[in-house]
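Peer 1: Here is my input; please provide its structure:
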Amino acid sequence: MGLGAPSTTRIEQCLLGGLAAWTVAPLLLLFVGLPGLEAAASGAGTFTGSAGLVINDHAQYISWIRESGDHLLFSNRFDVVPDPNLFLHPMWLLSGMLWKLGVSLQLAFALWKPVGLLVLFAGFAAYVRRTIEPGSWARAAALTMALFFVTPSMWLTDWAGLGDADLEFGSLVMGLELFPAGFLWDVAPTAIALGLMPLFLLGVERLLVPERRAPARSVRWYAAWTAVGGAVTSWLHPWQGLTLLAILTGLIVWGRFGRAYVRLAVPALITLLPLLYYQLLTRTDSAWNTVSGPNGMPHLGVWLFVGLVPLVLLALPGLRRGPDGDVQERMLRLWPLAALGVYFALDASYFYHALAGVTLPLGVLAARGWEQVRAPPVAVAAAIAVLTLPGMAYQLDFLAEEAPGHFLSKGESAAMTYIEQSRRAGAVLATPELGVFVPALSGRNTWFGHSTWTPGNEDRKARAAALFSGQLSPVEATAVVRESTASFLLQGCDEGRTDLRSTLGALVVAVRHFGCARVYEIDTPGAAA
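Peer 2: Predicted structure coming up:
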């Protein structure tokens, strides 16, 4: 963003290497490690493209890449209700172009990994350099905490069996949202947005403080780059765009609406534009209206305090340091408050995302606090180890357990291809393990598949499981298939399969076998070629 690029130190290079290793760890685990070998031995040789913990989001991104390549704008394919193509996404548009040029969907998606890695590290490292004095071990401590902090409650509630189901759910949410490095596991839009946030704030400082500007760089230069950074942040992950605007609002109020803050008008307006675009989408007849509405999820719980308290307590001593009139110091202190403000202000969408990135300001303050109280480096290293390594090990273990879910059998892949190429129109009703991949790998709408974008996803998923396992009577099974409006039933290779012809009777017009997978073609009006 035109903010200068000082050479990295030896410690920063080590942390960048560690971050890169973490980024590729899922690929090594899935393709080289034991889970990958087991998957290959069982015939699960087709990689879905998901190499992380949140499979439904990854499958959604890949489906958006596919639609961007076909139509430029994309819609919600995780429901059978017709939905107009309205959403433009810059990342998936570029990936869609690569797919149309012959690059596989999986590779077009994975190519964002190194981009997310570099932007996230560059932004966080630049901010730590600005907020912590050079030559201090606190820089390494701050950057490590900012990138790799994972709340201890995430692994304690599982491995140690502490807490109830609500605490386990909340701890998992906190462990995912308060772990910037974790977004490099195929959630590149968030990783890039988090890396741009500190660069935006550094740009704001240069707009307001002439002494911070590079020689021969004008106000317009910094205004333009800061505006671009804010706009991309809002477009890729609107929760972080809202947080940036909340920080700017707090800064202007803190500065008593001084005339200098007029320079922030253009960056603030450009940052706001993507948010207005999202708001416009919710006013259309698309699925955005549903997905942006209240979701019934709790804002408060023991898990919120357990997740945040360790880092907040460590950060408190660091508040005593820094000149009150310093613009960056004010934004540093406003950042956690702004994130919490957005978190509690939103009663819609997945508001937990608002907490992503808050480990950077809290990590900086925590490192300053350790310096302030002259904590022994050994004690600091031990604290950092406890707050990072067990949580990272837990996520690797979690991924290893879910490894088979990242592959399709050869038969399942062939069945997807058949549905993709069929001239019959219509949606797909699949077994639970495959429903999430239908839009990405077949280009068809699916009756269920995404926890957010499918209305009543869990209920539909349970009814589909009952259908394919033969637990429904012919009348009940017919009702489910008719409600789904599906032209294809996709039966995977999981255990408990049943032959649906005996249940659905004349509703099945054809059956295609692909190894252990089956495709039932349904007598649906308008489905025939």
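
Peer 1: Which element, helix or strand, includes residue 171?
Peer 2: Assigned by DSSP states H and E, residue 171 belongs to helix 165-177.

Peer 1: Give me the contact list for that helix.
Peer 2: Helix 165-177 is contacted from outside by 53-54, 150-151, 153-158, 163, 182, 298, 301-304, 306-308, 352-353, 355-356, 391, 394-395, using C-beta atoms under 8 Å, 6 or more residues apart in numbering. The C-beta positions use only the backbone N, C-alpha and C, and glycine is treated the same way.

Peer 1: pLDDT averaged over the next helix or strand after it - what is it?
Peer 2: Downstream of helix 165-177, the first helix or strand assigned by DSSP H and E is helix 188-208. Averaging pLDDT along helix 188-208 yields 97.

Peer 1: Mind listing what's buried along the following helix or strand past helix 188-208?
Peer 2: Heading C-terminal from helix 188-208, the first helix or strand you meet, by DSSP H and E, is helix 219-236. Neighbour-count burial for helix 219-236 flags 221-236 (criterion: 16 or more other C-beta atoms under 10 Å).

Peer 1: can you give me the helices for the stretch 251-400 of the chain?
Peer 2: 265-282, 288-291, 302-315, 327-345, 359-372, 377-401 (DSSP state H, counting those that start in this stretch).

Peer 1: In a markdown table, list those along with distance to residue 116 and mean pLDDT.
Peer 2: A markdown table is the format used below for the helices of the stretch 251-400 of the chain (distance: least, C-beta to C-beta, whole Å; pLDDT from 0 to 100):
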| stretch | distance to residue 116 | mean pLDDT |
| --- | --- | --- |
| helix 265-282 | 19 | 95 |
| helix 288-291 | 23 | 82 |
| helix 302-315 | 22 | 87 |
| helix 327-345 | 20 | 96 |
| helix 359-372 | 15 | 93 |
| helix 377-401 | 17 | 92 |
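
Peer 1: I'd like to know which of the ones you listed lies nearest to residue 471.
Peer 2: Within those, the stretch nearest residue 471 is helix 377-401; the backing value is 26.2 Å (C-beta to C-beta).

Peer 1: Report the buried members of the contacts of helix 165-177.
Peer 2: 53-54, 150-151, 153-158, 163, 182, 301, 303-304, 306-308, 352-353, 355-356, 391, 394-395.

Peer 1: give the contact list for the residue most central in space within the chain.
Peer 2: In the chain, the residue lying closest to the centroid (C-alpha atoms, centre = their mean) is residue 187, at 4.0 Å. Neighbouring residues of residue 187 by C-beta under 8 Å, 6+ apart: 52, 54, 57, 58.

Peer 1: okay, the first one: pLDDT?
Peer 2: Residue-level confidence at residue 52 comes out at 90, pLDDT.

Peer 1: Phi first, then psi, for residue 47.
Peer 2: Backbone torsions of residue 47, given as degrees, to the nearest 10, read phi -80, psi 130.

Peer 1: That one: how many residues sit nearby?
Peer 2: A count of nearby residues for residue 47, using other C-beta atoms under 10 Å, gives 19.

Peer 1: and it, how far is that from residue 436?
Peer 2: 15 Å (C-beta to C-beta, to the nearest Å).

Peer 1: Ok, residue 59 next?
Peer 2: Counting by C-beta to C-beta - residue 59 and residue 436 are separated by 5 Å.

Peer 1: Ok, residue 212 next?
Peer 2: Where residue 436 is concerned, residue 212 sits at a distance of 47 Å (C-beta to C-beta).

Peer 1: So which of the helices of the stretch 251-400 of the chain is the most surrounded?
Peer 2: Highest mean neighbour count among those (mean count of other C-beta atoms under 10 Å): helix 359-372, with a mean of 26.

Peer 1: which intervals of the chain have sub-threshold pLDDT?
Peer 2: 1-8, 33-45, 163, 321-324, 495-496, 526-529 (pLDDT under 70).

Peer 1: Break it down into its domains, please.
Peer 2: What automatic domain parsing lists as the domains of the chain is 113-188+282-401, 409-522.

Peer 1: Throw these into CSV and include distance to residue 15, thanks.
Peer 2: What follows is the domains of the chain, written out as CSV (distance: least, C-beta to C-beta, whole Å):
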stretch, distance to residue 15
domain 113-188+282-401, 6
domain 409-522, 33
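
Peer 1: How about the contacts made by residue 461?
Peer 2: 432, 435, 448.

Peer 1: got it, and residue 250?
Peer 2: Neighbours of residue 250 in contact, by C-beta under 8 Å, 6+ apart: 330, 334, 337, 338.

Peer 1: for the residues you listed, which one is nearest residue 374?
Peer 2: For those, the nearest to residue 374 is residue 330 (26.1 Å; C-beta to C-beta).

Peer 1: Next one: that closest one relative to residue 208, how far apart?
Peer 2: 10 Å.

Peer 1: Same question for residue 382.
Peer 2: Distance from residue 382 to residue 208, by C-beta to C-beta: 39 Å.

Peer 1: In contact with residue 327, which residues?
Peer 2: Residue 327 neighbours (C-beta under 8 Å, 6+ apart): 204, 205, 208, 209, 251.

Peer 1: which of those are the two that sit furthest away from each other?
Peer 2: Using C-beta to C-beta, the contacts of residue 327 span at most 12.1 Å, a distance reached by 209 and 251.

Peer 1: So the two - more neighbours on which side?
Peer 2: residue 251 (21 against 13).

Peer 1: returning to that earlier point: dump the contacts of residue 250 into CSV; add distance to residue 498 as well.
Peer 2: Output for these, formatted as CSV (distance: C-beta to C-beta, whole Å):
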residue, distance to residue 498
330, 64
334, 59
337, 56
338, 54
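
Peer 1: Just the closest of those to residue 268, please.
Peer 2: residue 338 (13.5 Å).

Peer 1: which non-adjacent residue is nearest the closest one?
Peer 2: residue 246 (3.7 Å; C-beta to C-beta, 6 or more residues apart in numbering).

Peer 1: Let me know whether that neighbour touches residue 343 as I believe.
Peer 2: No - contact criterion C-beta atoms under 8 Å: residue 246 and residue 343 do not qualify, at 10.4 Å.

Peer 1: hang on, the earlier thing: can you pick the most crowded of the contacts of residue 187?
Peer 2: Result: residue 58 is most packed of the contacts of residue 187 (other C-beta under 10 Å), 24 neighbours.

Peer 1: tell me which strands and helices whichever helix or strand that one is part of is in contact with?
Peer 2: In the assignment (DSSP H and E), residue 58 maps to helix 55-71. Here helix 55-71 touches helix 90-100, helix 105-110, helix 438-442, going by 3 or more C-beta pairs under 8 Å, 6 or more residues apart in numbering; DSSP states H and E.

Peer 1: got the contact list for the closest residue to residue 319 other than its chain neighbours?
Peer 2: Setting aside the residues directly before and after it, residue 319 is nearest to residue 365 in space (C-beta to C-beta, 6+ apart), at 6.3 Å. Applying C-beta under 8 Å, 6+ apart to residue 365 gives the contacts 314, 315, 316, 317, 318, 319, 332.

Peer 1: Next: residue 411.
Peer 2: By C-beta under 8 Å, 6+ apart, the residues touching residue 411 are 43, 493, 514, 515, 516, 517.

Peer 1: which among those residues gets closest to residue 466?
Peer 2: Comparing the contacts of residue 411 against residue 466 with C-beta to C-beta picks out residue 493 as the nearest, at 18.2 Å.

Peer 1: how close does that closest one get to residue 438?
Peer 2: 15 Å.

Peer 1: same question, residue 280
Peer 2: Distance, residue 280 to residue 438, by C-beta to C-beta: 28 Å.

Peer 1: quick revisit: so can I have CSV of the helices of the stretch 251-400 of the chain showing distance to residue 419?
Peer 2: Output for the helices of the stretch 251-400 of the chain, formatted as CSV (distance: least, C-beta to C-beta, whole Å):
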stretch, distance to residue 419
helix 265-282, 29
helix 288-291, 25
helix 302-315, 40
helix 327-345, 41
helix 359-372, 43
helix 377-401, 28
